[in-house]
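Student: Take a look and give me a structure for this.
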Amino acid sequence: MNRALVLGCVLACSAFAQKGDAVSEVDTLYGEGEFERAIKKADVGIARSKSANEAARLQLAKGLSLLAIGKADKARAAFVAGLKKDATVRLEAARVSPEALELFTRALAEFPATVTISVSNGGGSVRVDGQAMGPAPLTTQVTAGAHVFEVTAGDGRTARVEETIEAGARTPVLLTLPAPTVAPQQVADATPAPLVESEPEAPATTPPVDVIKPAAKRSLVGLVPLIGGALVTGAGVFSFIGASTTHRQLTDPFINVQFSDGERIANDGKIYQALGWVGTTVGGVAMATGIVLLALPPSDDSKPTVSAFMTPGGGMVSVQGRLP
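Tutor: A predicted model of the protein is given here:
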């Protein structure tokens, strides 16, 4: 096992050759199997180095020497110290043993990776593994491994990409949004504008629709005063006949009338005559009113009402309503 580690370390340390005097000396000692001396030489070079990258490579070389002598915990600590100096230093997987590579990977997992997220075809809000991070572009740190990066533009366009991020590395992540949909532009009318603008046409109006109303029925209310007037007129005529009869009784020499009956007959004649005048007058007016009402055209207005009645010593005709 130690021979495999030494061979792997020799191959790995050859990658450090020609990177600086201290690194070359440690590589040489490591290749000769002088692990203790290589460790001491690495410590001196780390203390004197002014380059973070050189100090980081010396720490990796020291870690390989520690692992070769069975001090895995100290080797891992050396790897961590080297990554703190420069997080970009790496062991070449093809030139180191699986044990050294696994130990270095565990040390590398302690360092978060830095990702720089940018968006093309616009911008939007970025989410990493479903967690909102803010508007793009942005730089943040994530753990090593697979991550899902998403962006949502203001108009609803989205983009999504999954990246495996290496621990301790600075990784750019580009999210490409779909091209925005452009509404078709209206083509300008090539027809020249008229010299004289015509007045806008009036909006079409719907002609009024004649509402056909049902024909109004002719009112028969005129029959009331007409019939009533005829009856009253008939009563008046009858009264005149009675008055004429009493008058003939008083003036006809062939009729023998007692003196005592003459006064009564004279009074009856006066009453008959008065009733005749009242009856014919009132009846005539009522009949005329009825004829007028029957002759009027039909109307939807309120219909007039006519009343005729007799009173002591006379009669009365009443017409109520609005005539057309």
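Student: Relative to Leu66, how far out is Asn53?
Tutor: Asn53 sits 21 Å away from Leu66, going by C-beta to C-beta, to the nearest Å. Every residue, glycine included, has its C-beta placed from N, CA and C.
Student: So between these two, which is more surrounded?
Tutor: Higher neighbour count among Asn53 and Leu66: Leu66, with 24 against 15, using other C-beta atoms under 10 Å.
Student: Quick check: buried residues in stretch 32-47?
Tutor: Of the residues in stretch 32-47, those with enough neighbours to count as buried (16 or more other C-beta atoms under 10 Å) are Gly33, Phe35, Arg37, Ala38, Ile39, Lys41, Ala42, Gly45, Ile46.
Student: What does Glu150 show for phi and psi?
Tutor: The phi and psi values for Glu150, taken as degrees, to the nearest 10, are phi -140, psi 150.
Student: Specify the beta-bridge partners of it.
Tutor: On the basis of DSSP bridges, Glu150 is bridged to Arg127, Arg160.
Student: Tell me where the protein is predicted with low confidence.
Tutor: Low-confidence segments of the chain (pLDDT under 70): 1-20, 183-200, 202-222, 249-250, 252-263, 265, 296-324.
Student: Tell me which other helices or strands whichever helix in it runs longest touches.
Tutor: Longest helix of the chain, by residue count under DSSP state H: helix 259-295. Contacts defined by 3 or more C-beta pairs under 8 Å, 6 or more residues apart in numbering; DSSP states H and E place helix 259-295 against helix 223-251, strand 305-311, strand 314-320.
Student: Which strands or helices does the longest one pack on?
Tutor: Right, the one you point to is helix 223-251. Contacts defined by 3+ C-beta pairs under 8 Å, 6+ apart place helix 223-251 against helix 259-295, strand 305-311, strand 314-320.
Student: let's see 7 Å
Tutor: helix 259-295, strand 305-311 (3 or more C-beta pairs under 7 Å, 6 or more residues apart in numbering; DSSP states H and E).
Student: Quick one: closest of these to Ala78.
Tutor: With C-beta to C-beta as the measure, strand 305-311 is the member of the helices and strands packed on helix 223-251 nearest Ala78 (127.4 Å).
Student: Might you report the residue contacts of Ser120?
Tutor: By C-beta atoms under 7 Å, 6 or more residues apart in numbering, the residues touching Ser120 are Leu174, Thr176, Leu177.
Student: 6 Å instead, please
Tutor: Thr176 (C-beta atoms under 6 Å, 6 or more residues apart in numbering).
Student: How about Val151?
Tutor: Val119, Gly124, Val126, Ala136, Ala159, Leu175.
Student: same check, this time on Ala107
Tutor: Arg76, Phe79, Val80.
Student: what about the first one, neighbour count?
Tutor: When counting by other C-beta under 10 Å, one arrives at 18 neighbours for Arg76.
Student: got the CA positions of the helix or strand where it lies in CSV?
Tutor: Counting by DSSP states H and E, the element that carries Arg76 is helix 72-85. The C-alpha coordinates for helix 72-85 follow below in CSV (Å, rounded to 0.1, in the frame of the first residue of the first chain):
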residue,chain,number,x,y,z
ALA,A,72,-4.5,10.5,7.5
ASP,A,73,-6.0,13.1,10.0
LYS,A,74,-3.0,15.4,9.7
ALA,A,75,-3.0,14.9,5.9
ARG,A,76,-6.6,15.9,5.7
ALA,A,77,-5.8,19.0,7.9
ALA,A,78,-3.0,19.9,5.5
PHE,A,79,-5.4,19.6,2.5
VAL,A,80,-7.9,21.9,4.3
ALA,A,81,-5.1,24.4,5.0
GLY,A,82,-4.0,24.4,1.4
LEU,A,83,-7.6,25.0,0.2
LYS,A,84,-7.9,27.9,2.6
LYS,A,85,-4.9,29.5,1.0
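Student: what residues are up against the closest residue to Thr246 other than its chain neighbours?
Tutor: Excluding the flanking residues, the one nearest Thr246 by C-beta to C-beta, 6 or more residues apart in numbering is Gly269, at 3.5 Å. Going by C-beta under 6 Å, 6+ apart, Gly269 touches Ala243, Thr246, His247.
Student: what does Ala243 give?
Tutor: Ala243 makes contact with Gly269, Tyr272, Gln273, Gly276, according to C-beta under 6 Å, 6+ apart.
Student: Distance-wise, check the first one relative to Val278.
Tutor: From Gly269 across to Val278, the span is 15 Å (C-beta to C-beta).
Student: quick revisit: in the helix holding Arg76, which residues are buried?
Tutor: Lys74, Ala75, Arg76, Ala77, Ala78, Phe79, Val80, Ala81, Gly82, Leu83, Lys84, Lys85.
Student: Which strands or helices does that helix pack on?
Tutor: helix 52-68, helix 98-108 (3 or more C-beta pairs under 6 Å, 6 or more residues apart in numbering; DSSP states H and E).
Student: Same list, the ones you listed, but as CSV with distance to Val282 please.
Tutor: As requested, the helices and strands packed on helix 72-85 are exported to CSV (distance: least, C-beta to C-beta, whole Å):
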stretch, distance to Val282
helix 52-68, 139
helix 98-108, 133
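Student: Let me see the backbone angles for Arg177.
Tutor: Check again: residue 177 is Leu, not Arg. Here is the backbone geometry of Leu177 (degrees, to the nearest 10): phi -80, psi 150.
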